[in-house]
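Peer 1: next input, structure requested:
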Amino acid sequence: MRTLKLKTLSVLSVVLLLSSFVRAGQVGRYSDDEFGPVVRAYLGYLKNEQEVVDDRASRREISSTYYRRNSNRIRALRQMAVRLARESHNDYLPELEAVVPDEFRLLFERPQPANTLKVGDVIKNTFRFLGTVRSAEVFYVFARLDPYEQAELNEKGSLSIKKDTAPAEVTNPKSLTRSRKVVP
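Peer 2: Numbers count the residues shown, from 1 in each chain. Modelled structure (predicted):
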């Protein structure tokens, strides 16, 4: 009788342990119902990009280093997109760029050191730093400001120059992206 109880207890323990592993693996997952059509389209775009990279790697058109970096970049963009959509509860994503520090020159003529960036910093009235995502490498994710945000910042900058003061810096992490509602 005692061995039966021990066997039953051990089986239940294994089942509970396995179910916790399954749930833990689904933390980063999402369902199609969770997001609106714009966010789903962006996530679909990233999935297609990964398929292209996989295909090029299978045909040996790209190096393994290139494959790894681009797969990690796609993963970092996906993580940031899901995070932004969940935090804003809005069906809008800015244009996202994910780069490692040695690629900063692709975005900026004179890049500042990566360790000086703070979430919410606006760089050259063109990009807002959203944060980092670790995906094998540390990717720095930026949102390209839309033309209206750029014009607003340029106007503020020219006003503050006229007043002989430095341009106002946007550093409020609560306003990382401009909220928009999509009207169906």
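
Peer 1: kindly provide the whole-number mean pLDDT of stretch 66-82.
Peer 2: Here stretch 66-82 scores 97 as its mean pLDDT.

Peer 1: what's it in contact with?
Peer 2: Residues outside stretch 66-82 that contact it (CB atoms under 8 Å, 6 or more residues apart in numbering) are 28, 30, 39, 42-43, 46, 49-50, 53, 56-57, 93, 96, 98, 100, 130-131, 133, 135-137, 139, 141. Just so you know, the C-beta spots here come from the backbone N, C-alpha and C atoms, and that holds for glycine as well.

Peer 1: which ChimeraX command selects the buried ones in those residues?
Peer 2: Buried residues among the contacts of stretch 66-82 (16 or more other CB atoms under 10 Å), as a ChimeraX selection:
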select :39,42,43,46,49,50,53,57,93,96,98,100,130,131,133,135,139,141
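
Peer 1: how near is residue 128 to residue 84?
Peer 2: 11 Å (CB to CB, to the nearest Å).

Peer 1: which stretches in this structure count as helices?
Peer 2: 2-25, 37-58, 64-88, 147-162 (DSSP state H).

Peer 1: rank those helices by pLDDT, which is bottom?
Peer 2: helix 2-25 (a mean of 44).

Peer 1: touching, residue 101 and residue 140? I think so.
Peer 2: Yes: with contact defined as CB atoms under 8 Å, residue 101 reaches residue 140; the gap is 7.0 Å.

Peer 1: anything in contact with each of the two?
Peer 2: Counting by CB under 8 Å, 6+ apart, the residues touching both residue 101 and residue 140 are residue 114.

Peer 1: these two: which has the busier surroundings?
Peer 2: residue 140 (22 against 15; other CB atoms under 10 Å).

Peer 1: quick check, pLDDT for the more buried one.
Peer 2: 96.

Peer 1: list the beta-bridge partners for it.
Peer 2: Beta-bridge partners recorded for residue 140 (DSSP bridges): residue 99, residue 132.

Peer 1: tell me the domain ranges of the chain?
Peer 2: 32-93, 94-176 (automatic domain parsing).
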